[in-house]
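Q: The following comprises the amino acid sequence and a computationally predicted model.
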Amino acid sequence: MKKFIKDLSFRFNITEIEYQRKNLAFVSVDKESVMQMLSYLRDTEGFSHFVLMTAVDWIEDGIFQLTYILNNPTKKIDLAIRIKILRENAEMYSAHHLWNQVATYQRELKEMFGINFPGSPRVNESFLLEGWDNIPPMRRDFDTKKYSEETYFPRPGRGTNDPAQHMKIKLYPNE
Amino acid sequence: MKETDIHDKFLHEENKKREVIAPDGSIIEIDPLQDYFCDARPQINEPFKIKVIEKFLNWARAESIWVLGFGTGCGSIEIPPLVTPRFDAFRYGVQMRATPRQSNAFIISGYLSVKTLKRVIRSYEQMQSPKYVIALGSCTINGGMYWDSYNTINRLDHYLPVDVYIAGCMPRPEALLAGFMKLKELIKAGKAEKANEYIENLDWYKANQKKIIRDWNMPDYNW
């Protein structure tokens, strides 16, 4: 694994390497080289299986961190590629031409985080949130509790008692 | 944005107003929401005038509960053991049916996302009266573990009339059977009249439903 990452770092500008397990490593690259790297890994290195793609909202730094996880079924190793994109007008190159299922992940990221993937098929169609008119709900500045209370008629009665006080009133009401 | 604009924005292509050529060659304008669906308000299902016959009818209704096979949340996993030999709901006259037109009981099994609620409302309104709703699990009562979620409703009784609640997360099939027994008791006593309450308070229910279903692209009451 280490040798493979070393070889890879000669080809691409890898800024950060993190070995999670013997067969799983996380590498960070810049936004421009990630498409080239994905094609190289798929076509030359045998990472034919696309495992998943996800995003993390680092609101304090103003960035989204995207993670692509690839699997090599013959060598049985996983490689995760992390990139950082700006949070404002977040946009990323679409990778749906490499694996068809990427389009579904991209559609979900567009809906839940508001990251745009121009050219990805059906990316603007809603997945779960039909007719959503608020900010994307997985962004950390979206207050889900406040939204739920305003929208979904919360049932009153989620109160809590101090046990000592409660038992005192219950057992010795006259004191 | 005005309500009509929102309505048009989410309207499906086949439901938009358009001009079509009739078989005789003339061009006619159709508005599917007006022309394809009945827009009459639903009628209250009055009890039969002779009490003995109404009692007999209620007994008959209680003994034939046909459940719509529509699992909305995680609770739908409790229904397969219920209708298979281990718990065997059929011995109580409870059986599953595939379409809303052929069933009269609706189990809301667990949490309801807004997207599912839209389908649930359409299915519920297609069911024939008298019809009953059984709410299964805590999520239908107060939201359960999804009480602060952005996409699951908290109280089912604001959107659909509920006859029987079954609390728990998840209730076991025995609890569901007990719920069916309770429903049968209510029907036999003539107290399972929630479908009529829904029709009486239709405006309130519709306002609540439209508050959260923003892409309301269907007729108000459609069957």
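A: Arrived safely, thanks for sending. Numbers count the residues shown, from 1 in each chain, chains lettered A, B, ... in the order given.

Q: drop to CA atoms for contacts and neighbour counts, all remaining ones
A: OK.

Q: Identify the residue nearest B:Gly168 in space, chain neighbours excluded?
A: B:Gly137 (4.9 Å; CA to CA, 6 or more residues apart in numbering or on different chains).

Q: so who does that neighbour touch?
A: B:Gly75, B:Ser109, B:Gly110, B:Tyr111, B:Tyr165, B:Ile166, B:Ala167, B:Gly168, B:Cys169, B:Met170, B:Pro171 (CA atoms under 8 Å, 6 or more residues apart in numbering or on different chains).

Q: One more pass at 10 Å, please.
A: B:73-75, B:108-111, B:143-144, B:165-172, B:176 (CA atoms under 10 Å, 6 or more residues apart in numbering or on different chains).

Q: Repeat that for A:Glu125.
A: A:Glu125 makes contact with A:Arg107, A:Glu108, A:Lys110, A:Glu111, according to CA under 10 Å, 6+ apart.

Q: so the residue of chain B most remote from its centre, which of the three states?
A: Relative to the centre of chain B, the most outlying C-alpha is that of B:Gly25, 41.5 Å out, by CA atoms, centre = their mean. For B:Gly25, the assignment made with DSSP: H, G, I helix; E, B strand; the rest coil gives coil.

Q: and it, what are its phi and psi?
A: Dihedral angles of B:Gly25 (phi, psi; degrees, to the nearest 10) stand at phi 100, psi -10.

Q: next one: A:Asp61
A: When read as degrees, to the nearest 10, the backbone of A:Asp61 gives phi -90, psi -10.

Q: which residues touch B:Ile121?
A: Contacts of B:Ile121 by CA under 10 Å, 6+ apart are B:Tyr159, B:Leu160, B:Lys206, B:Gln209, B:Tyr221, B:Asn222.

Q: repeat for B:Pro130
A: When contacts are counted by CA under 10 Å, 6+ apart, B:Pro130 is found next to B:44-45, B:58, B:61, B:103-105, B:187, B:192-196.

Q: biggest separation within those, which pair?
A: Between any two of the contacts of B:Pro130, the greatest separation by CA to CA is 18.5 Å, found for B:Ile44 and B:Ser103.

Q: circling back: for B:Asp31, see how far away the residue farthest from the centre of chain B is.
A: Distance of B:Gly25 to B:Asp31, computed by CA to CA, to the nearest Å: 19 Å.

Q: Strands of the chain, start to end?
A: In the absence of a named chain, this looks at chain A. Under the criterion DSSP state E, chain A carries strands at the ranges A:16-21, A:24-28, A:49-58, A:63-72, A:77-86.

Q: that's the other chain; I wanted chain B
A: Using DSSP E, strands in chain B cover B:18-21, B:27-30, B:65-68, B:94-97, B:105-109, B:132-136, B:164-166.

Q: now these as TSV including distance to chain A and mean pLDDT?
A: Output for these, formatted as TSV (distance: least, CA to the nearest CA, whole Å; pLDDT from 0 to 100):
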stretch	distance to chain A	mean pLDDT
strand B:18-21	23	89
strand B:27-30	26	90
strand B:65-68	23	94
strand B:94-97	27	91
strand B:105-109	17	93
strand B:132-136	16	93
strand B:164-166	15	94
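
Q: B:Glu197 - nearest residue in space that isn't next to it in sequence?
A: Per CA to CA, 6+ apart, closest to B:Glu197 is B:Pro161, 7.3 Å.

Q: So which bits of chain A are right by chain B?
A: With CA under 10 Å from any CA of the partner chain as the criterion, chain A meets chain B at residues A:127-133, A:137-138, A:142-149, A:151-158.

Q: Please repeat the previous calculation with a cut-off of 8 Å.
A: Residues of chain A lying close to chain B by CA under 8 Å from any CA of the partner chain are A:128-132, A:137, A:144-149, A:151-155.

Q: Report the contact partners of A:Lys3.
A: Taking CA under 8 Å, 6+ apart, one finds nothing in contact with A:Lys3.

Q: What of the one 5 residues further on?
A: By CA under 8 Å, 6+ apart, the contact set of A:Leu8 is empty.

Q: Could you do B:Ala98 as well?
A: Residues in contact with B:Ala98 (CA under 8 Å, 6+ apart) are B:Leu68, B:Gly69, B:Phe70.

Q: Sweet, I'm off.
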